[in-house]
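Visitor: Whatever this is, show me its structure:
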Amino acid sequence: MIEYGKTRYKDKFAFYKEDIVIGKSIRLYGEYSQLEVDFMLKLFTNETVVYDIGGNIGYHATAFASKVKQVYSFEPNPHNYTLLQQNTDGLTNVQLFKCAVGATNSTIKCIEFDPNVPGNFGSVQVGVPNATLEVLLVAIDGLGLEKPDFIKIDVEGSEYEVFKGCINTIKMHTPVIFYEAHETEHGKEIYEMLDILEYNMYWATVNNYNPNNFLQHKEDVFGNSALFSILAVPPGMPVSGFDKVLGPDDSFDKYFDRLRQRVAEYNKKLSESNK
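Guide: From the prediction side, this is the model:
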């Protein structure tokens, strides 16, 4: 069943009632992953071209469209794509692609879900053993789209395949890249691919709950959880306030351990100063 909620970017935003993550967030907060969105919006101008790879139901796309010149959004799952279409209807600077993104132009199996059964409908994967729905697969390099200034990649573990299919686009246009890092098994390969191009990579960790959310809902239903992504910037672009990825073998687990150690050391010093 489809419900509607008011968000920062659309008065009537469609989501699935039984979606226990994105749908629940839209219902309670009028937003999803807003702190991440806010960070990305700061990097945009009205001339920015964004590739939104992993469009889901369109929260990021509608946010991006409020500021940038053009958004190209890709989503393979037909249920999510239906709402992506609905939520971006009338936005002349958004172009949609009903397909997965990978290393080749082909087809691939995609996870299917029943929108009437409670679940996390954002966790749609492709190319995994339990995927049953055949969908179109495209490589970005072969699409001939206008040059990207920013590429956002959120594909539930298939990030490396996306990179392999858009490496020539990256070489040619050196966009800023923001990709989810806590589910990929190929962090080392992605690091080495970007390092050859002299990209600098930084950990971008953002909390799921935004205390200043659109609907001012005070309960944190995400349990103080966070998203671990990587901001990759071309050589010469200044970045401050972020921890650098330490090398090809760095991972979100190792980074999270460093964060916990940092917090423990801070709390220890605070405790000692209060004695």
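
Visitor: Check the model's average confidence along stretch 263-275 for me.
Guide: Stretch 263-275 shows an average pLDDT of 79 in the prediction.

Visitor: Could you pull up the contacting residues of the residue nearest to K10 when sequence neighbours are not counted?
Guide: Spatial nearest neighbour of K10, excluding adjacent residues (C-beta to C-beta, 6 or more residues apart in numbering): T62 at 5.3 Å. All C-beta spots, glycine's among them, are computed from the backbone N, C-alpha and C. By C-beta atoms under 8 Å, 6 or more residues apart in numbering, the residues touching T62 are 7, 9-10, 13, 87-88, 91, 94.

Visitor: what about L43, how many residues close to it?
Guide: By the criterion of other C-beta atoms under 10 Å, L43 has 17 neighbours.

Visitor: Determine the three-state secondary structure at V239.
Guide: Of the three states, V239 takes coil under DSSP: H, G, I helix; E, B strand; the rest coil.

Visitor: related to what we said a few turns ago, among the contacts of T62, which one lies nearest to V263?
Guide: Of all the contacts of T62, T7 has the smallest distance to V263: 32.2 Å, by C-beta to C-beta.

Visitor: who touches that closest one in this structure?
Guide: By C-beta under 8 Å, 6+ apart, the neighbours of T7 are 13, 26, 30-31, 59, 62, 214.

Visitor: Can you tell me which of the residues you listed has the most neighbours?
Guide: Y59 (27 neighbours).

Visitor: any idea how far G144 is from T169?
Guide: According to C-beta to C-beta, to the nearest Å, G144 and T169 sit 10 Å apart.

Visitor: just the helices in the stretch 101-250 of the chain please.
Guide: Taking DSSP state H, counting those that start in this stretch, the helices of the stretch 101-250 of the chain run over residues 159-173, 187-196.

Visitor: Name the stretch among the ones you listed that sits most buried.
Guide: helix 159-173 (a mean of 20; mean count of other C-beta atoms under 10 Å).

Visitor: what kind of secondary structure is the residue nearest to K10 in?
Guide: Of the three states, T62 takes helix under three-state DSSP.

Visitor: tell me the pLDDT at it?
Guide: So T62 comes in at 98 (pLDDT).

Visitor: With D52 instead?
Guide: Residue-level pLDDT assigned to D52 equals 98.

Visitor: Which residue, other than its chain neighbours, is closest to it?
Guide: That would be S73: by C-beta to C-beta, 6+ apart, it lies 4.1 Å from D52.

Visitor: cool, I170 as well?
Guide: In space, and not counting its chain neighbours, I170 is closest to L197: 6.6 Å by C-beta to C-beta, 6+ apart.

Visitor: Could you tell me the model confidence score at that neighbour?
Guide: For L197, the predicted pLDDT is 97.

Visitor: Tell me which residues touch it, please.
Guide: Counting by C-beta under 8 Å, 6+ apart, the residues that L197 touches are 170-171, 174, 234.

Visitor: Can you lay out those residues as JSON lines showing pLDDT?
Guide: What follows is the contacts of L197, written out as JSON lines (pLDDT from 0 to 100):
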{"residue": "I170", "pLDDT": "98"}
{"residue": "K171", "pLDDT": "97"}
{"residue": "T174", "pLDDT": "98"}
{"residue": "P234", "pLDDT": "96"}
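
Visitor: quick one: which two of those are the most distant?
Guide: So, the contacts of L197 by C-beta to C-beta: farthest apart are K171 and P234, at 10.5 Å.

Visitor: Run through the residues that contact S271.
Guide: No contacts exist for S271 under C-beta under 8 Å, 6+ apart.

Visitor: Many thanks, have a good one.
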